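Undergrad: build me a structure from this.
(2 chains)
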Number of protein chains: 2
Amino acid sequence: MKSDTPRKADPQKLVRFASAAFQAAAVPAGDADLAAKILVDADLRGIDSHGVMNLGGYIQGLRSGGINPRPDITISVGSPTTASVDGDNGLGPVVSHRAMEECLRMAKVYGTGWATACNSNHSGAGAYYVLMAAAQGMIGMHSSSGGSTVAAPGGKGRLIGNNVLAFAAPGKTHGPFVLDMAPTMAIANKLHMLQWQGKTMPEGWAIDSEGRPITDPTVYFATEGAILPLGSTAANGVHKGFGLLLLSDILTGLLSGDGGSMFRRKGAHTHVFGALRIDAFPTGGDFADLMDAMIEKLHATPTVEGAGRVRYPGERGNMTYRERSANGIPLRPNVVEALEGMSRELHLRLDDVWRA
Amino acid sequence: MKSDTPRKADPQKLVRFASAAFQAAAVPAGDADLAAKILVDADLRGIDSHGVMNLGGYIQGLRSGGINPRPDITISVGSPTTASVDGDNGLGPVVSHRAMEECLRMAKVYGTGWATACNSNHSGAGAYYVLMAAAQGMIGMHSSSGGSTVAAPGGKGRLIGNNVLAFAAPGKTHGPFVLDMAPTMAIANKLHMLQWQGKTMPEGWAIDSEGRPITDPTVYFATEGAILPLGSTAANGVHKGFGLLLLSDILTGLLSGDGGSMFRRKGAHTHVFGALRIDAFPTGGDFADLMDAMIEKLHATPTVEGAGRVRYPGERGNMTYRERSANGIPLRPNVVEALEGMSRELHLRLDDVWRA
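TA: Now for the predicted structure:
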């Protein structure tokens, strides 16, 4: 059944469907529930590019042997506040959740906690893991690296991962603050969406394998084009975006013993997680009130006509989360079709997921 | 004596001159030596905008009562890995050095260490503090906030600080890696230099107090213009640069109990420092070799004609450091003049600082 308008899924039932799909691919129930919850959480926050639209890819990876459904995840502790996690090629969300839980455990006792993870896979939206910290009164930090679709400044074609940097901090009336970004001009899923809509990219987003500017997303995919780091040009600070990508490679790839997105010795994806307990800082007592004051200052900032109110990072996601939790998650027709195909293939009931 | 060409200063003798100037402004000898060393270190690394060109400003601040020459810096420890430093309105480099030393002390015992600092002042180049960590086999992190010269996306005029983010990691054959950047289109000193050279800014760097684009640095200074966050426009990711500025305000301003660059309750500048001991991660053993491999990969990356070799952050600074340590620091005529004026006013010998 095709349709041009999105269908609305019930969040809880969508989690149950995704969990059943993971279990059909040999993932134990507990891990399946967790991975499903993390994917649907991205959809709830409006990060559609990292939600159930990727479920098919995860299932395919599990069934083809590319991802280990029953990993033996090991955590090696090197000091009271540092650990190295080996994901044993498990699902990225499962490995990442374990690593961030270890950070929270360390931070509760010692103030802060850090963990790297190697031998992992795509972990979905970074927002989830840093929000785990914010929910416990901590500042959460996270970076993730996989693939290598981004060019160096002046480079020809692909070199480094479209690495993610994510941070969260708890709010009070407003918040939480959650910054979840790639320090690049775009992520591949955004180019997929433009291609799907028949649109071009703005100038300065991407180059081809000879370093020439391109604006057609189809050319990007057909010729192994490369996305440019945030800043795009020398005059506009491309070395800053590139520096942040390298920082991510250092924290996720070098510190985890992997080698980073240019080498990849230990699995497809590497991560780093950090947690700083706010009340472990003697000056942390006013934090929540100061966060409210900061956000209210942003909201009161005069803007030019048509620009709308200044928002804090995560504001739109927080609003979308509340709205979709109440009214359901709108899924685009191609995502609905993919889920329907999965439903048929894995003999899982999907029809009860849709809202009237 | 005026000249159009830069004069070359002997680094050690320039440190001695700057220390004598600090001491003439009532700073104790130990703190004066330290602050002088940190300023000249910026000149050695080629970060001229944060070197002795600012000495006059520091001295003026000390002599006018704006900066406390003999601060009682207090360190409050909240957990084994977290501390809050109150700089008692002391010199920024002195406060920052103490705070990073505290991080290194904590990291040596517990793996990581974090410190915020409030009631501080301009601390010079962030590179210095993160390199203190790298020199001891740690990853150094730092952010600093002061002033409020940057606009929000769509905003009119100034709102938030041109906050610094700095990171360093040790290398082996190559390195250290040192990323020291503001997530904005430019820093004020760069606009000063353009103004001094009679040049305009590229489009997209700055706006006036009504939110209109400007390219004349003189207009920027005359009308209280605002610099734009990294990304500059919505299509090019200005919300990412702005998000990083807010993250800095959270870590430096909110966590230190100050309130951040939009409020400033506790002093002109706030900072945060962090240190992660690489050998506290069980997977950290290959780190130095992996850093070498990553840098060699960058150097071997094909680039478009005219772009030159891909460099790692800090590469130019490391080369400049070696070159200027051997051959002296070239100081521009206006900086030489300012030092000469200081020499006359404070009765300090300057003529032995210059190299033949």
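Undergrad: quick one, strands of the stretch 1-150 of chain A?
TA: Counting by DSSP state E, counting those that start in this stretch, the stretch 1-150 of chain A has strands at residues A:7-9, A:74-79, A:82-86, A:112-120, A:138-146.
Undergrad: for the stretch 201-350 of chain A, same thing?
TA: A:206-207, A:213-214, A:226-227, A:269-277, A:329-331.
Undergrad: the second one close to chain B?
TA: No. Counting by C-beta under 8 Å from any C-beta of the partner chain, chain B has no neighbours in strand A:213-214; the shortest distance is 10.6 Å. Placement of C-beta: from N, CA and C, glycine included.
Undergrad: tell me where the longest helix sits in chain A.
TA: helix A:92-110 (DSSP state H).
Undergrad: averaging pLDDT per element, find the lowest-scoring helix or strand in chain A.
TA: helix A:188-196 (a mean of 88; mean pLDDT, DSSP states H and E).
Undergrad: quick one, phi/psi of the residue nearest to the spatial centre of chain A?
TA: Centroid-nearest residue in chain A: residue A:125, 2.2 Å away (criterion: C-alpha atoms, centre = their mean). Main-chain dihedrals, residue A:125, degrees, to the nearest 10: phi -80, psi 130.
Undergrad: now swap in residue A:25 and tell me
TA: Torsion angles, degrees, to the nearest 10, at residue A:25: phi -100, psi 30.
Undergrad: and the gap between it and residue A:338?
TA: Distance, residue A:25 to residue A:338, using C-beta to C-beta, to the nearest Å: 15 Å.
Undergrad: low-confidence stretches in the stretch 1-150 of chain A?
TA: Applying pLDDT under 70 to the stretch 1-150 of chain A flags the ranges A:1-4.
Undergrad: at the contact with chain B, which residues of it appear?
TA: A:76-84, A:110-112, A:114, A:116, A:118, A:139.
Undergrad: repeat the analysis, applying 6 Å as the threshold.
TA: A:76, A:78-82, A:84, A:110-112, A:114, A:116 (C-beta under 6 Å from any C-beta of the partner chain).
Undergrad: need the buried ones from those selected in PyMOL.
TA: To isolate the buried members of the residues of the stretch 1-150 of chain A next to chain B in PyMOL, using 16 or more other C-beta atoms under 10 Å in any protein chain shown:
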select buried, chain A and resi 78+79+80+81+82+84+110+111+112+114+116
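Undergrad: and the furthest pair within the residues of the stretch 1-150 of chain A next to chain B?
TA: A:76 and A:111 (20.8 Å; C-beta to C-beta).
Undergrad: circling back: tell me which of the strands of the stretch 1-150 of chain A is the most buried.
TA: Highest mean neighbour count among those (mean count of other C-beta atoms under 10 Å in any protein chain shown): strand A:112-120, with a mean of 30.
Undergrad: quick one: the helices in chain A, in order.
TA: A:11-24, A:29-44, A:55-64, A:92-110, A:127-134, A:188-196, A:217-222, A:238-248, A:287-299, A:315-327, A:333-346.
Undergrad: any idea how many residues pack against the nearest residue to residue A:254 once chain neighbours are set aside?
TA: With C-beta to C-beta, 6 or more residues apart in numbering or on different chains as the criterion, residue A:254 has its nearest non-adjacent residue at 4.5 Å, and that residue is residue B:290. For residue B:290, the number of neighbouring residues by other C-beta atoms under 10 Å in any protein chain shown comes to 25.
Undergrad: what does residue A:280 give?
TA: Residue A:280, neighbours per other C-beta under 10 Å, totals 24.
Undergrad: that one touches residue B:79, doesn't it?
TA: Yes. Using C-beta atoms under 6 Å, residue A:280 is in contact with residue B:79, at 3.8 Å.
Undergrad: overlap of the contact sets of the two?
TA: Contact criterion C-beta atoms under 6 Å, 6 or more residues apart in numbering or on different chains; residues shared by residue A:280 and residue B:79: residue A:111.
Undergrad: now do the contacts for residue A:217.
TA: A:191, A:194-195, A:201.
Undergrad: mind checking pLDDT for it?
TA: Residue A:217 is assigned 96 on the pLDDT scale.
Undergrad: any idea how far it is from residue A:187?
TA: From residue A:217 across to residue A:187, the span is 12 Å (C-beta to C-beta).
Undergrad: and what of residue A:121?
TA: Distance from residue A:121 to residue A:187, by C-beta to C-beta: 17 Å.
Undergrad: when these two are compared, which one has more neighbours?
TA: Counted by other C-beta under 10 Å, residue A:121 and residue A:187 do not tie: residue A:121 has more neighbours, with 25 against 18.
Undergrad: and the residue nearest to the more buried one when sequence neighbours are not counted, how far from chain B?
TA: With C-beta to C-beta, 6+ apart as the criterion, residue A:121 has its nearest non-adjacent residue at 4.2 Å, and that residue is residue A:92. Look at residue A:92 and chain B: by C-beta to the nearest C-beta, to the nearest Å, they are 18 Å apart.
Undergrad: same deal with residue A:135?
TA: 16 Å.
Undergrad: how many neighbours does the closest residue to that residue other than its chain neighbours have?
TA: Closest residue to residue A:135 apart from its sequence neighbours, by C-beta to C-beta, 6+ apart: residue A:170 at 7.3 Å. When neighbours are defined as other C-beta under 10 Å, residue A:170 has 20 of them.
Undergrad: I'd like to know how far residue A:170 sits from residue A:38.
TA: For residue A:170 relative to residue A:38 (C-beta to C-beta), the value is 20 Å.
Undergrad: got the domain ranges for chain A?
TA: A:6-70+A:306-356, A:71-183+A:236-297, A:186-227 (automatic domain parsing).
Undergrad: please identify the most buried of those.
TA: domain A:71-183+A:236-297 (a mean of 24).
Undergrad: that one: end-to-end distance?
TA: 47 Å (C-alpha to C-alpha, to the nearest Å).
Undergrad: and for stretch A:180-190?
TA: Stretch A:180-190 end-to-end distance (C-alpha to C-alpha) = 15 Å.
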